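S.K.: Test case, fold it:
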Amino acid sequence: MWKIILEQEHDYDIELSDIGKSVLYSGLANEDVDISMEIWLPTTDASFLAPYEDEIDVHDVWYEGTALGLVVPSYAEIDTIPELGENAEAYEYQGRSAILGIGPGSAIASLTDDAIDAYELPFNQVNSSGPAMMAALDA
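M.R.: As a prediction, this is how the structure comes out:
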């Protein structure tokens, strides 16, 4: 969406790159990357921004109302994190109770590990990808 807006309405020449968060923030600080429209503050990306906060200009929020959390398939009769722990045997992956997480090294993976510890959940997090998580729902 932003590529189209910036090219068609503002005559910018845009090259999109799919890079990890640490590379993104380092690139912004070193001016190897010009802009990122997907910075998740104040929580998710805070640890990535912290080393570079004096070198990177962070501007206004353009989207509000996001939330972070653990999710289960709609057919699961679970509404709370403690209930998830009580039903751990229903969420096995390769013979162990597991939470399929997003890419390793992501802030959300770290926050998931924090939730596992805070709620004393009998799970291990298995880092995967968005497509892998979706495929697991179909299994």
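S.K.: residues contacting the closest residue to residue 97 other than its chain neighbours?
M.R.: In this structure, residue 97 finds its nearest non-sequential neighbour in residue 88, 4.0 Å apart by Cβ to Cβ, 6 or more residues apart in numbering. In short, each C-beta sits where N, CA and C put it, glycine included. Counting by Cβ atoms under 8 Å, 6 or more residues apart in numbering, residue 88 makes contact with 97, 121, 122, 123.
S.K.: distance between the top helix by length along the chain and the chain's centre?
M.R.: Across the chain, the helix with the greatest residue count (assigned by DSSP state H) is helix 107-118. Relative to its chain's centre, helix 107-118 lies at 11 Å (Cα atoms, centre = their mean, to the nearest Å).
S.K.: If you count neighbours, what's buried in that helix?
M.R.: Under the neighbour-count criterion of 16 or more other Cβ atoms under 10 Å, helix 107-118 has 107, 109, 111, 112, 113, 115, 116 buried.
S.K.: Go through the contacts of residue 88 and name the one nearest residue 14.
M.R.: residue 123 (40.5 Å; Cβ to Cβ).
S.K.: I'd like to check which residues are in contact with that closest one.
M.R.: Contacts of residue 123 by Cβ under 8 Å, 6+ apart are 85, 88, 91, 97, 98, 99, 116.
S.K.: Where does confidence bottom out across these?
M.R.: Of all those, residue 91 carries the smallest pLDDT score, 88.
S.K.: Next up, the contacts around the closest residue to that one other than its chain neighbours.
M.R.: Nearest residue to residue 91 in three dimensions, chain neighbours excluded: residue 97, at 5.7 Å (Cβ to Cβ, 6+ apart). Listed by Cβ under 8 Å, 6+ apart, the contact set of residue 97 reads 88, 89, 91, 122, 123, 124.
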